[in-house]
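> Fold the stuff below for me.
(chains A and B)
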Amino acid sequence: MHYYKTKGDSSMRLSNYFLPTLKETPADAEMESHKLMLKAGLIRKVTAGIYDYLPLGFKVLNSIEEVVREEMNRAGAQEIKLPIIQPATLWKETGRWEDFGPEMFKLADRKDREFALGPTHEEIITDMVRNELNSYKDLPLVLFQINDKYRDEIRPRHGVMRSREFLMKDAYSFHATQESLDETYERMYDAYARIFDRLGLNWVAVEAPTGLMGGSYSQEFMALADEGGEEIVVCESCDYSSNVEIAKYEVSSKGDGKGPSKLKKVETPGMETVEEVAEHLGISSQKVVKTFIYRTDDGLVAALVGGDDDIEEMKLINHLGTKKAEMVSSQQEIKEITGANFGSIGPVGLDDDIPVYADLDVKSFTNFTVGANEDGYHLTNVNWERDLEDVNFINLRKVNRGDSCPECGSELEFHKSIEVGQIFQLGTKYSDSLGGKYQDETGNLNPYIMGCYGIGISRLIPAVIQQNYDSRGINWTSEVTPFSAELIVLGSEDEKSFQLGEKLYEELKKRNYEILLDDRETSPGFKFNDADLIGIPVKIIIGPRGLENGVLEVEFRSGNKEEIEVENREIEQIAEKLGEGISASA
RNA sequence: CGGGGAGUAGCGCAGCUUGGCAGCGCGUCUGCUUUGGGAGCAGAAGGUCGCUGGUUCAAAUCCAGUCUCCCCGACCA
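Numbers count the residues shown, from 1 in each chain, chains lettered A, B, ... in the order given. All right, here's what the predicted structure looks like:
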């Protein structure tokens, strides 16, 4: 149970609080949390992906930030603050000036020196510690900051869900040994679990791709949400879970059990799709193996999956250790490379310089069909080894509905989610390229082993809303809510109601509750609806109708109501009683 | 960057096809009435119709260019 301590003596009277709520939904909002953040007066858009936080939104942001800070401190991390403006030179040392490319907001000073607004801080922090952390005795060390990040997103969307300026908690750890990294990584995982639990999120941690951060292992923390943009798979019976982009699956044996038949070249005139070829030949479409040509940093590769499956490009990238893999998609290029148009390309007879990668699922195939690299022809009864040497079988296809867990064989569940945090085992990527070294017990110099740990603080606001709203508005969880209760005074000319409202406001403030007082001269319905829209968990309603019966009303955001006696009671007693109600809602 | 859509009062929109006083609802301001689930009446303020150029006696409306924003895809906390 947590109360909200008053941080200052600011007046929380709605008559003088900057809270512009909207009755109508802004046209450019799509996602429910985005609409609600605009309607409830939390944020306003400045330009694409850049937002103002109004008092209520800033308060929520601060609540979340504080929970994160507390748990990071509890986990032994030390808070610092790194610059947002960073010199290009550091980014060029690690090669990420190119890797991030147009994703970075770049600027120049008056002498034309290049800078960037930090999209993340690995470079700057490694630079900071490389001169100071020289001995194994200084390790391990965990530092964190809560700071704005800048990414010139290809497409900002859904308000602060994916914005170009966003608040992030980022932590970095430095170690002498992998065991030490493992230990810290686990401690960070636990801290994250506490954070997301305290925020009231329904979340799951999944295995994740490392992307531009690099590193060997990573997990993402996902808030489950139907409108979320990330898809994950979760095993229903064991604890396997993963981002779909790298998800494993139980490899099924789909061999036909027969020995290899004679390789045949067959006519498939004008057929461009797997379905057409399968129907023409009277075979299952899955066994018409698809071939794609990708251009990577190290040249061309061929990628093969079953006819019913799709390639997961992230998996190809991960296996190849390349920075990018782009499907060759121009008819002309494909013709030059393979000799055929898209419908008829295949792995047999390709240039030896083009390595072939095939999905694990097709490894068991015998007598399957592929394009013949000649327009209007396919090869059937193709078999590995005999017809195709040196094929690399890897986890390459997208996971499908109905796939089974790679660890226990139960069915995998698919969920939509919002990524709210990610933790990485980075290894020595940054310490290597930036020369961050320590001396071990024997006097040898070694690069630090590093980890990094991010939480999207601003993104957590829509994540929490997305899991907690109804037709009337937001329904804040207890640690996130900007106010723990709202005093609604009705009957603007009723002296008794007014006096009681004022006294209770002061009395509850004295008890360190964050109370919003709706003292506006407007209709009751307006006040009730605003309170529900902005998500205050408890409404304390004071008005002549109740006072005639000697009571005031407490209404919870859930709709439950309760009456509290005020007749013949001291104000302290009433406040005490109200405090119990407010705490009970938390 | 590819595909789709939109820029008219603070917000939501109509007007554009067929050129002719720039409108409606909500909000805002003033006054009176009203106060238990988005009050009523009366009055008022608020616009270079995204921008630039062109056609025309006349352009929100037609033409050309340009900028911005939103949605779907490739990237990410």
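> Can you give me the neighbour number for A:Asn446?
A:Asn446: 16 surrounding residues under other C-beta atoms under 10 Å. (C-beta placed from N, C-alpha, C; glycine too.)
> what's the burial count for the closest residue to it other than its chain neighbours?
Once flanking residues are discounted, A:Asn446 sits nearest to A:Asp440: 5.7 Å by C-beta to C-beta, 6 or more residues apart in numbering. For A:Asp440, the number of neighbouring residues by other C-beta under 10 Å comes to 14.
> what about A:Asp440, distance to A:Lys429?
20 Å (C-beta to C-beta, to the nearest Å).
> Beta-bridge partners for the most centrally placed residue in chain A, please?
Centroid check for chain A by C-alpha atoms, centre = their mean gives A:Glu419 as the closest residue, at 1.5 Å. Here A:Glu419 sits in beta bridges with A:Met222, going by DSSP bridges.
> what's the distance between it and RNA strand B?
As defined by C-beta to the nearest atom of the strand, to the nearest Å, A:Glu419 lies at a distance of 4 Å from RNA strand B.
> Correct me if wrong: that residue contacts A:Gly456.
Yes. In this structure, A:Glu419 sits in contact with A:Gly456. The criterion is C-beta atoms under 8 Å, and the distance is 7.3 Å.
> What strand or helix carries A:Lys106?
Using DSSP states H and E, A:Lys106 falls within strand A:105-108.
> Report the mean confidence score over that strand.
Model confidence over strand A:105-108 averages 92 on the pLDDT scale.
> Buried residues of that strand, list them for me.
Of all the residues in strand A:105-108, those buried under the rule 16 or more other C-beta atoms under 10 Å are A:Phe105.
> Next: stretch A:207-227.
Of the residues in stretch A:207-227, those scored as buried under the neighbour-count criterion (16+ other C-beta under 10 Å) are A:207-210, A:213-215, A:217-225, A:227.
> near RNA strand B, which of these show up?
Checked against RNA strand B using C-beta under 7 Å from any atom of the strand, the buried residues of stretch A:207-227 give the following subset in range: A:Pro209, A:Met213, A:Glu220.
> among those residues, which are in strands?
Here DSSP state E is the test, and these give A:Glu220 as lying in strands.
> Would you format the ones next to RNA strand B among the buried residues of stretch A:207-227 as a markdown table with distance to A:Ile246 and pLDDT included?
Converted to a markdown table, these look like this (distance: C-beta to C-beta, whole Å; pLDDT from 0 to 100):
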| residue | distance to A:Ile246 | pLDDT |
| --- | --- | --- |
| A:Pro209 | 5 | 87 |
| A:Met213 | 14 | 79 |
| A:Glu220 | 10 | 95 |
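> the helices in the stretch 301-450 of chain A, which residues?
A:313-320, A:331-338, A:429-434 (DSSP state H, counting those that start in this stretch).
> could you say what helices and strands the second one packs with?
Using 3 or more C-beta pairs under 8 Å, 6 or more residues apart in numbering; DSSP states H and E as the contact criterion, the elements in contact with helix A:331-338 are strand A:290-296.
> strands paired with the strand it packs on, and their directions?
Sheet partners assigned to strand A:290-296 using DSSP bridges are listed as strand A:299-305 (antiparallel), strand A:325-327 (antiparallel).
> Buried deepest among these, which one?
Mean neighbour counts were taken over the strands paired with strand A:290-296 using mean count of other C-beta atoms under 10 Å, and the top value, a mean of 21, falls to strand A:299-305.
> ok, back up a step: next, find the distance separating the residue nearest to A:Asn446 from A:Gln425.
Note on A:Asp440: its distance to A:Gln425, by C-beta to C-beta, is 20 Å.
> now A:Leu434
Taking C-beta to C-beta as the criterion, A:Leu434 is separated from A:Gln425 by 18 Å.
> for the stretch 151-300 of chain A, what are the low-confidence residue spans?
Across the stretch 151-300 of chain A, residues meeting the criterion (pLDDT under 70) sit at A:254-256.
> Spell out, range by range, the strands that occur in it.
With strands called from DSSP state E, counting those that start in this stretch, the stretch 151-300 of chain A shows them at A:165-175, A:203-207, A:217-224, A:230-235, A:241-243, A:264-267, A:290-296, A:299-305.
> CSV for those, including distance to A:Lys45?
What follows is these, written out as CSV (distance: least, C-beta to C-beta, whole Å):
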stretch, distance to A:Lys45
strand A:165-175, 12
strand A:203-207, 28
strand A:217-224, 23
strand A:230-235, 23
strand A:241-243, 29
strand A:264-267, 58
strand A:290-296, 38
strand A:299-305, 41
